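> Kindly return the folded structure for what I paste below:
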Amino acid sequence: MLFTITSQTGGLDAAQVAVRDLHTGAQKVLLRGGSHGHYVASGHLVYVAAGTLRAIAFDPNRLETHGTALPVLPRLITTLEGAGDFAVATDGTLLYVDAPGSLAANARTLVWVDRTGKEEPVAAPPRAYQHLRLAPDGTRIALASLDQEYDLWIWDLRRASLTRLTLDPGQDIFPVWTPDSQRVIFSSNRGGAPNIWWQAADGTGAAERLTTSTNPQLSTGITPDGTAVLFFEVTPTMGRDLLQVALDGTRRVTPLLQTKFDELNGIVSPDGRWLAYESNSSGSFEIYVRPFPNVGGGQRQVSTAGGRQPLWARSGKEPVLPWWQ
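Below you'll find the predicted structure:
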């Protein structure tokens, strides 16, 4: 059996592909700096390393690699845990999902959209943008860009300038602003599994870690008073659940919703009274609302034909606005 050993420090560069003999129980590390190993009938071990797919000769009897690894694909979609979106058929055919490549092929533009559907372009240059969040003071947009090391960037609406916020080689995604617009909270795998970090929005100072867990955690919201950050955590037994981490200096993590179903993308209404989130408890992902902070006070389903990534109108008086429904 081939499997991946991940590290709590060093990210995927410290991951290892290992093998275990199911008859004897013996196991050993085959290579370092790789993940998601697959054996193919040609006598090779293919695996993911630094966002590429590589192959190295492998002896299935001695359970050893030999020779030098060679690149198979220059890029492919990989998860934060190091799994690659690929499969190899018994006849050697390789199927894979191509990762974002050239800027021209994956560029996206930013626009304002009013209630009538009218679009007004934002002057930001085309990039592979994801996870846009407008600062509470309305002056800047925090966003992730997939075309350059998965870093976070800030688009200044006043100066019409794009500046890089994070510089670490790890993947920084899912930005969330603090209510005073002074800091950006985000998820990063720079210390191992994706956990919650924050950094000054002007780029000064070093990023500070808010949570420490071996489970992947993705930030989605913050309470209006700025006392707690909402995130969802992925565990082997419970799937995705909603939690919060206190910003009072204790960094205490407490659960919000933990069930046998997936609960994710939680966000609190501007008046602090309601929690919106998505769940697959009905068999498909829909948007729900619960009282906050008393989340045990019952739930109300908002979407009827599927919904993901809810948002609130800033007035706090309107229902959840799903990205799609």
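> Every contact and neighbour count from this point should use C-alpha atoms.
Noted.
> how near is the residue lying closest to residue 239 once chain neighbours are set aside to residue 155?
The spatial neighbour of residue 239 that comes closest, neighbours along the chain excluded (Cα to Cα, 6 or more residues apart in numbering), is residue 262 at 5.9 Å. Distance, residue 262 to residue 155, by Cα to Cα, to the nearest Å: 33 Å.
> go on, residue 273?
Taking Cα to Cα, one finds residue 273 at 30 Å from residue 155.
> With residue 178 instead?
Taking Cα to Cα, one finds residue 178 at 16 Å from residue 155.
> Could you check which of these two has the larger neighbour count?
residue 178 (24 against 21; other Cα atoms under 10 Å).
> Okay, now the unreliable bits of the protein?
In the predicted model of the chain, residues 8-11, 80-81, 99-106, 147-149, 317-325 satisfy pLDDT under 70.
> Show me what the lengthiest strand in it is packed up against.
Under DSSP state E, the strand in the chain containing the largest number of residues is strand 64-73. On a contact count with 3 or more Cα pairs under 8 Å, 6 or more residues apart in numbering; DSSP states H and E, strand 64-73 meets strand 52-59.
> strands paired with the strand it packs on, and their directions?
strand 44-49 (antiparallel), strand 64-73 (antiparallel) (DSSP bridges).
> And the next helix or strand past the longest one?
Beyond strand 64-73 on the C-terminal side, the first helix or strand identified by DSSP states H and E is strand 86-88.
> which of the residues in that next one are buried?
residue 86 (16 or more other Cα atoms under 10 Å).
> Could you tell me how far it lies from the centre of the chain?
Chain-centre distance of strand 86-88: 23 Å, with Cα atoms, centre = their mean, to the nearest Å.
> by contact count, what packs against that strand?
Using 3+ Cα pairs under 8 Å, 6+ apart as the contact criterion, the elements in contact with strand 86-88 are strand 94-96.
> buried sites along the strand it packs on?
Buried, per 16+ other Cα under 10 Å, within strand 94-96: nothing.
> ditto for stretch 212-225
By neighbour count on 16+ other Cα under 10 Å, the buried set for stretch 212-225 is 212, 214, 216-224.
> Helices of this structure, residue ranges please.
Ranges of helices within the chain are 103-106, based on DSSP state H.
> quick revisit: let me know the closest of the buried residues of stretch 212-225 to residue 192.
residue 214 (7.4 Å; Cα to Cα).
> surely the closest one meets residue 193?
Yes: using Cα atoms under 8 Å, residue 214 is in contact with residue 193, at 5.6 Å.
> Which strand residues bridge residue 152?
residue 144.
> ok, now how distant is it from residue 163?
9 Å.
> Ok, residue 131 next?
Per Cα to Cα, residue 131 is found 16 Å from residue 163.
> what's the answer for residue 20, then?
When distance is defined by Cα to Cα, residue 20 is 47 Å away from residue 163.
> Next: residue 290.
Using Cα to Cα, one gets 37 Å for the distance from residue 290 to residue 163.
> contacts for stretch 205-218?
8, 174, 186-187, 192-200, 231-235, 245, 251, 253 (Cα atoms under 8 Å, 6 or more residues apart in numbering).
> Alpha carbons of it, as PDB, please.
C-alpha atoms of stretch 205-218 as PDB (Å, rounded to 0.1, in the frame of the first residue of the first chain):
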ATOM      1  CA  GLY A 205       4.900  43.200  10.200                       C
ATOM      2  CA  ALA A 206       4.800  39.400  10.000                       C
ATOM      3  CA  ALA A 207       1.700  37.200   9.700                       C
ATOM      4  CA  GLU A 208       0.500  35.700  13.000                       C
ATOM      5  CA  ARG A 209      -0.900  32.300  13.500                       C
ATOM      6  CA  LEU A 210      -4.300  32.100  15.200                       C
ATOM      7  CA  THR A 211      -5.000  28.400  15.200                       C
ATOM      8  CA  THR A 212      -2.800  25.300  15.300                       C
ATOM      9  CA  SER A 213      -4.300  22.000  14.100                       C
ATOM     10  CA  THR A 214      -3.400  19.000  11.900                       C
ATOM     11  CA  ASN A 215      -6.800  19.400  10.300                       C
ATOM     12  CA  PRO A 216      -7.400  21.800   7.300                       C
ATOM     13  CA  GLN A 217      -9.200  25.000   8.400                       C
ATOM     14  CA  LEU A 218     -10.600  27.700   6.000                       C
END
